[in-house]
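Q: For reference, the sequence and a predicted model appear below.
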Amino acid sequence: MSISRREFMQVMGMAAAAGMLPGCEKKNTGKTGTAAKAPRDTYHVPKFGNVTLLHMTDCHAQLLPIYFREPSVNLGVGNALGQPPHLVGDKFLKHFGIPPNTLAAHAFTYLNYVEAAKTYGKVGGFAHLRTLVKRLRADLGADNSMLLDGGDTWQGSGTAYWTRGKDMVHASNLLGVDAMTGHWEFTYQDTEIMDNIREFKGDFLSQNIFVKDDAAFDYKFADYAGFDEDTQRAFKPYTIKEMANGIRVAVIGQAFPYTPIANPSRFIPDWTFGIDDESMQTVVDKIRAKEKPDVVVVLSHNGMDVDLKMASRVSGIDAIFGGHTHDGVPAPTVVSNKGGKTLVTNAGSNGKFLAVMQFDVRNGKVQGFDYKLLPVFSNLLEPDVEMTNYIEGMRKPYLKTLREELAVADSLLYRRGNFNGTFDQVICDALREVGGAQISLSPGFRWGTSILPGQTITMENVMDQTAITYPETYVREMSGQNIKDILEDVGDNLFNTDPYLQQGGDMVRVGGLDYTIDPTQKIGKRITDMQMNDGTRIEAGKTYTVAGWATVNSKAPGKPIWDIVAEYLREEKVAKIKKLNTPKILNMKGNPGMA
């Protein structure tokens with residue numbers, strides 16, 4: 001049973017006094033044996049140093065408070081085995097020294113999720129986030145701070161889809177974002193992207209997006225101030241901010257390097273993406289020599305494993321503020337390289353967390369740091385009035401559609417995890433039932449909010465899981481070998497031991513199909529024992545009817561996926577998971593990334 005707001009605040013006060021809330025753990029000063037006293041409340045952050053960088057990422061257009069369950073499976077292989085972010089549940093709590101059965105334990109893990117969510121309430125919400133940002137900037141020095149956004153901001157909700165991301169541009173301006181980079185931003189048409197960037201009041205940064213040679217001669221966005229004709233960089237590679245105290249901070253943008261592979265390149269035909277350590281090193285060295293900054297950070301959408309590898313190969317970066325893989329990691333990983341050390345962070349998703357990095361900068365360099373990743377609990381933060389009014393006004397034309405009641409959730413519906421999530425299973429079941437298919441395939445997206453048992457599933461909830469610019473569905477014939485090849489390809493993306501060959505996301509979700517996977521094997525040998533729900537083996541040479549959506553290389557012919565899911569839920573009335581098609585996993589016993 002839910003407790004009242006007054007009771008909730010009393011519980012939080014007692015927890016803070018006991019040192020059981022975020023901010024009560026050890027301070028990350030770079031020195032050992034220094035512990036913080038319990039704060040007077042959850043969001044009191046003691047001042048440290050003289051520069052503050054606030055960081056959010058992967059909000060996926062969630063303007064309102066939501067529920068979001070952390071994964072119970074986040075496997076690490078190779079050098080990533082047992083290392084952040086590949087820890088879940090009790091192993092996660094033990095690694096970071098978080099007491100169980102606390103607000104922080106709920107924020108960072110899936111443990112006892114439903115009951116804890118009923119107690120602590122929803123997370124995120126831009127009105128609550130703005131309250132927190134304004135408070136932190138006031139407490140820690142507004143003139144000596146920046147707010148950084150790691151991208152995946154303009155996509156992930158119905159209103160973002162219908163406004164082509166403009167709802168989020170205006171919300172970000174109101175929030176006070178100083179700089180951002182991107183990924184799903186590039187799934188709109190290039191003209192829409194540039195229009196949004198022009199309306200964004202901060203700096204849109206990327207050092208790794210270039211204009212193709214055949215487009216550069218008569219480049220249609222040549223008037224854009226960030227375009228560099230000499231280097232053919234499409235956007236500003238970095239920005240410099242001089243704080244009120246004279247400290248100069250350089251922020252370099254690193255957009256998602258595999259965008260044209262993971263998403264449709266037809267929307268952005270003139271741009272190339274990629275990951276190039278030499279190019280990044282050149283940018284860092286140039287900034288250090290020309291701009292004479294005291295601090296150099298990278299605002300990245302690589303994913304944490306990729307950031308860890310980049311940090312080991314590129315020197316001169318004080319910190320990488322990472323995103324893409326949606327990992328809420330309470331403390332930075334310190335990575336050694338030939339030039340010294342780099343801090344690597346990752347700040348979760350869906351507006352659920354706000355990172356606070358404070359640097360002690362003296363004699364032209366970082367001498368120490370303090371880092372906290374604060375969960376944004378809407379029950380603990382009064383909503384900002386101006387942001388609330390903006391959100392309500394923006395949503396008003398769409399409310400009738402968003403509020404349509406489709407069905408009731410019989411159990412917890414969630415997405416995040418290396419293999420199938422329960423809401424993913426609903427999507428897969430809808431594809432099979434409505435499309436009359438034997439098997440269904442759904443992308444392993446990491447965005448998508450959670451729904452508690454007994455809650456009404458609305459059209460807004462469905463859009464939170466499906467709102468992309470290439471939502472069309474298909475039903476087609478595929479051979480057993482084709483299906484295996486798809487599973488092998490996605491499995492290699494997820495479990496390749498070289499982070500630079502990973503593209504993020506989770507395993508393709510399946511309906512009507514079971515299989516065995518060995519993440520330790522090489523591509524072509526990970527997937528075995530494919531069979532239908534009734535136990536019939538999938539044969540390589542046989543043909544099967546397969547339904548799916550979100551085709552990257554060309555537009556599919558069917559209805560948008562949200563129409564398919566809505567039709568299914570209206571008919572079902574109660575969303576029950578008849579069978580969760582999760583694979584049998586080999587050789588992962590004892591892996592701390594699996595509950």
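A: Okay, I see it.
Q: Tell me the secondary structure of Pro443, please.
A: strand (DSSP: H, G, I helix; E, B strand; the rest coil).
Q: Confirm that Gln531 sits in a helix.
A: No: if the criterion is three-state DSSP, then Gln531 is strand and not within a helix.
Q: which residues sit in contact with Asp429?
A: By Cβ atoms under 8 Å, 6 or more residues apart in numbering, the contact set of Asp429 is Ser440, Gly511, Tyr568, Lys578. For the C-beta atoms, the positions are set from N, CA and C on the backbone; glycine is no exception.
Q: at 7 Å instead, please
A: Neighbouring residues of Asp429 by Cβ atoms under 7 Å, 6 or more residues apart in numbering: Gly511, Tyr568, Lys578.
Q: Distance of it relative to Ser440?
A: Counting by Cβ to Cβ, to the nearest Å, the separation of Asp429 from Ser440 is 8 Å.
Q: domains for the chain, by residue range?
A: Domain ranges of the chain: 32-63+122-391, 403-585, per automatic domain parsing.
Q: Same list (the ones you listed) but as CSV, adding mean pLDDT and distance to His106.
A: Output for the domains of the chain, formatted as CSV (pLDDT from 0 to 100; distance: least, Cβ to Cβ, whole Å):
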stretch, mean pLDDT, distance to His106
domain 32-63+122-391, 95, 8
domain 403-585, 97, 13
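Q: Which of these sits closest to Lys94?
A: Among the domains of the chain, the nearest to Lys94 by Cβ to Cβ is domain 32-63+122-391 (12.4 Å).
Q: how far out from the middle of the chain is stretch 440-460?
A: Using Cα atoms, centre = their mean, to the nearest Å, the mean C-alpha position of stretch 440-460 is found 16 Å from that of the whole chain.
Q: got the phi/psi numbers for Thr466?
A: phi -130, psi 0 (degrees, to the nearest 10).
Q: Can you show me the helices along the stretch 1-150 of the chain?
A: Listed in chain order, the helices of the stretch 1-150 of the chain (DSSP state H, counting those that start in this stretch) span 5-17, 89-96, 103-108, 113-120, 126-140.
Q: If you could redo that for the stretch 451-595 of the chain, that was the one I meant.
A: Going by DSSP H, counting those that start in this stretch, the stretch 451-595 of the chain shows helices at 459-466, 480-495, 561-572.
Q: just these: most buried one?
A: helix 459-466 (a mean of 24; mean count of other Cβ atoms under 10 Å).
Q: ok so, going back, as a markdown table, the domains of the chain with distance to Leu111 would be great.
A: What follows is the domains of the chain, written out as a markdown table (distance: least, Cβ to Cβ, whole Å):
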| stretch | distance to Leu111 |
| --- | --- |
| domain 32-63+122-391 | 14 |
| domain 403-585 | 13 |
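Q: Which stretch among these approaches Thr109 most closely?
A: Closest among those, once you apply Cβ to Cβ, is domain 32-63+122-391, at 9.3 Å.
Q: shouldn't Phe200 be in contact with Val169?
A: Yes: if you go by Cβ atoms under 7 Å, Phe200 and Val169 touch, sitting 5.3 Å apart.
Q: what's near enough to touch the closest residue to Ala595 other than its chain neighbours?
A: Sequence neighbours aside, Ser72 is the residue nearest to Ala595 in space, at 4.2 Å (criterion: Cβ to Cβ, 6 or more residues apart in numbering). Going by Cβ under 7 Å, 6+ apart, Ser72 touches Val88, Gly89, Tyr110, Gly417, Ala595.
Q: Now do the same contact list for the first one.
A: It stands for Val88. With Cβ under 7 Å, 6+ apart, Val88 has these contacts: Pro71, Ser72, Val73, Asn74, Thr109, Tyr110, Gly593, Met594, Ala595.
Q: Which members of these are classed as buried?
A: By neighbour count, with 16 or more other Cβ atoms under 10 Å, the contacts of Val88 hold Pro71, Ser72, Val73, Asn74, Thr109, Tyr110, Gly593, Met594 as buried.
Q: Looking at those residues, which two lie furthest apart in space?
A: Applying Cβ to Cβ across the buried ones among the contacts of Val88, the maximum distance is between Thr109 and Met594, 13.2 Å.
Q: Can you show me the strands along the stretch 251-400 of the chain?
A: 271-272, 295-300, 319-322, 333-337, 340-346, 353-362, 365-375 (DSSP state E, counting those that start in this stretch).
Q: Can you lay out those strands as CSV showing distance to Gly246 and mean neighbour count?
A: Formatted as CSV, those follow (distance: least, Cβ to Cβ, whole Å; neighbours: other Cβ atoms under 10 Å):
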stretch, distance to Gly246, mean neighbour count
strand 271-272, 37, 20
strand 295-300, 12, 28
strand 319-322, 20, 29
strand 333-337, 27, 16
strand 340-346, 23, 23
strand 353-362, 10, 24
strand 365-375, 14, 21
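Q: Adding distance to Met387 as columns, could you present the ones you listed in TSV?
A: Below are the strands of the stretch 251-400 of the chain laid out as TSV (distance: least, Cβ to Cβ, whole Å):
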stretch	distance to Met387
strand 271-272	32
strand 295-300	23
strand 319-322	23
strand 333-337	33
strand 340-346	25
strand 353-362	14
strand 365-375	18
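Q: Mutual contacts of Asp429 and Ser440, please.
A: Counting by Cβ under 7 Å, 6+ apart, the contacts common to Asp429 and Ser440 are Gly511.
Q: Of the contacts of Asp429, which is the nearest to Ile317?
A: The closest of these to Ile317 turns out to be Gly511 (Cβ to Cβ; 43.0 Å).
Q: For the closest one, which non-adjacent residue is closest in space?
A: Nearest to Gly511 is Cys428, by Cβ to Cβ, 6+ apart, at 2.8 Å.
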